[in-house]
Every structure is written in structure tokens, then in C-alpha cells.
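[1] Sequence first, then the predicted structure:
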Amino acid sequence: MPSCERLRMEWLFIPLGFFVGVLGTLIGVGGGVVLVPILLLCYPHMRPEVITAISLAMIFANSLSGSAAYAWQRRINYRAGMVFAVAAVPGAIAGAFLIGYIKTRTFDVAFGLVMLIVSAYLMLRPAKDMASGVNGCDFKPTAAGLKLGALISTGVGLLSSLLGIGVGIIHVPAMIYVLGFGVHIATATSLFVLMIMSGCATAVHLFDGSLDGRGLITVFLILGVVPGAQLGAYLSRKLHSVWVVRLLAGAMAVSGVRILWMAF
């Protein structure tokens, strides 16, 4: 049984989960980019595979709730989403097995560098380019675009499962700038892909015992993240696409700096 002091601390993961659910669904990344740095700060000696397992379980709940809301808004491109999800799943499963062999410091440095590189790219991108792309769930990517997207998804699935951040942190920029999706459709479709990918990775972590003894944190996060995802999907309809991308870049920059600071 958890102590009263530990229980009082872990109750705070409910409002944290709510915040992560709002932001993660709003920008289509699942919320791992926010949660992982906080877990590293609160539990500096926690093994990387445990951190990623908790994050991916939370991401699954977040993306499931957010995808339901986006489906109601008719913003998910299911054809592209299924292709990308099928391609991402093998990478996600491989990453879930490989994470146990990665040292904590290597994990932290890799996570921080990925965050800063992609954040800088998004910040430096002209605003007019951020608003480009075709918005609408009837957007049909070309056959070549689907193949390229599938290739990207495989690599992103592996990286995301290793870092516990969800595919969206890299997938959303790739869908917007490489494949031509509109920002709002990219975030919704990315969350749909994330739901499938994180579900498979979480199943692996349940099987290998990475979540053993951490069920309370995970449950509290999920209790907050499910309603937070609904609010995030609602707010996304009110924000201009440029601000969605700026929020994504800002969240990544803060996370990247914090993790690199802790690593060194």
C-alpha cells in the first residue's frame, strides 16, 4: 500500500494529466513532450523504460479520447491514418523492447536534442508556410506521398517509443511540410495514428512488467488526461493554425532545454 505522503503527491498527477491532455490534443502530440520532463524531474532515478511505459500509457488514453472528439468533428483522414499507423506499429514495438538497453543519460541527451532541433525548425518557418496545406478530411495524399509518409512513420514510431513522446512531435511537422496536410487535419490524423501506435507499445510494456508498481501514477494521469483531451479538441477549433504550430514549438523548446540541463 502506498504511504499517505506518496498518495498526496501522486494525486497531483490528476491535474497534471488534465493539462497534458489539453495541450497534447491541441497540438496533436499526445502529451509525452510535457510529461516525460516532469517525470524525469520528480523521479530522477526512475529507469528509462518505466518512464516511457508510463508516458505511452497516458498517451494512449489521451489519443483515444482526443481521437473520439476529432472523429465527431470529421477532421481525421482515416486512409492516411491507417497507412501511417500500420507502418508505425513495428517501429513502436521494436522501440518498446530496445528501451531497456539504453542508458539514462543517453536517453536524456537524445530526447533533449530531438526537441530542440524540431522546435527551431518550427519557430524559423515563415508564418505563411504554417498556414499552408489542405484542410479537410477529404484531402487525398498521392500514392508517393503515402509511401513517403509510411517510411517516415516507421522511423518515427521507433523513435517515439524509445523516447516516450508519441509520434506527433515529429509526425505533425512532417505531415504539414512534407506531405501537404493542413495543420488542423494533421494534428487530428496524427492523434489517430498515435492511438494505435501507443496502444501496441503499451501492451508490450504491460507484458514485460515495465509498469509494475507504477499503476497509481498511471491511473491518476489517465483520470486527468481523458477530460483534458476533450477540452483540447474543442479549443483547437478556436485557434488559428499558426498558433497551434507555435504552441507545439514552444512546448518542445522548453522540454528540450530542461532535459539537457538535467543531463549535464
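    Cool, the structure landed. Residues are numbered from 1 along each chain as shown.
[2] hey, let's count contacts and neighbours off CA atoms from now on
    Will do.
[3] where do the strands sit along the protein?
    Ranges of strands in the chain, per DSSP state E: none exist.
[4] hey, which helix or strand in it has the poorest pLDDT?
    Lowest by mean pLDDT, DSSP states H and E among the helices and strands of the chain is helix 127-130, with a mean of 49.
[5] Export stretch 220-229 to CSV, keeping only CA atoms.
    Output of stretch 220-229 as CSV, limited to C-alpha atoms (Å, rounded to 0.1, in the frame of the first residue of the first chain):
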residue,chain,number,x,y,z
PHE,A,220,-4.2,9.3,-11.9
LEU,A,221,-2.7,10.6,-15.1
ILE,A,222,-5.5,8.9,-17.1
LEU,A,223,-8.2,10.3,-14.9
GLY,A,224,-7.0,13.8,-15.8
VAL,A,225,-6.0,13.3,-19.4
VAL,A,226,-9.3,11.9,-20.7
PRO,A,227,-11.4,15.1,-19.9
GLY,A,228,-8.4,17.3,-20.8
ALA,A,229,-8.3,15.8,-24.3
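[6] gap between Ala188 and Ile27?
    In this structure, Ala188 lies at 9 Å from Ile27, with CA to CA, to the nearest Å as the measure.
[7] Those two - which one has more neighbours?
    Ala188 (34 against 31; other CA atoms under 10 Å).
[8] Which residue, other than its chain neighbours, is closest to that one?
    Here the nearest residue to Ala188 in space, its sequence neighbours aside, is Ile76; by CA to CA, 6 or more residues apart in numbering that works out to 5.4 Å.
[9] and that neighbour, backbone torsions?
    Ile76 has phi and psi values of phi -100, psi 130 when expressed as degrees, to the nearest 10.
[10] for the stretch 1-150 of the chain, what spans make up the helices?
    For the stretch 1-150 of the chain, the helices defined by DSSP state H, counting those that start in this stretch cover 4-10, 13-27, 32-42, 48-72, 78-98, 104-124, 127-130, 143-163.
[11] In stretch 252-264, which residues are buried?
    Met252, Ala253, Val254, Ser255, Gly256, Val257, Arg258, Ile259, Leu260 (16 or more other CA atoms under 10 Å).
[12] now these as CSV including distance to Gly32 and pLDDT?
    Converted to CSV, those look like this (distance: CA to CA, whole Å; pLDDT from 0 to 100):
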residue, distance to Gly32, pLDDT
Met252, 10, 74
Ala253, 14, 84
Val254, 13, 76
Ser255, 10, 71
Gly256, 12, 78
Val257, 15, 82
Arg258, 14, 73
Ile259, 13, 70
Leu260, 16, 82
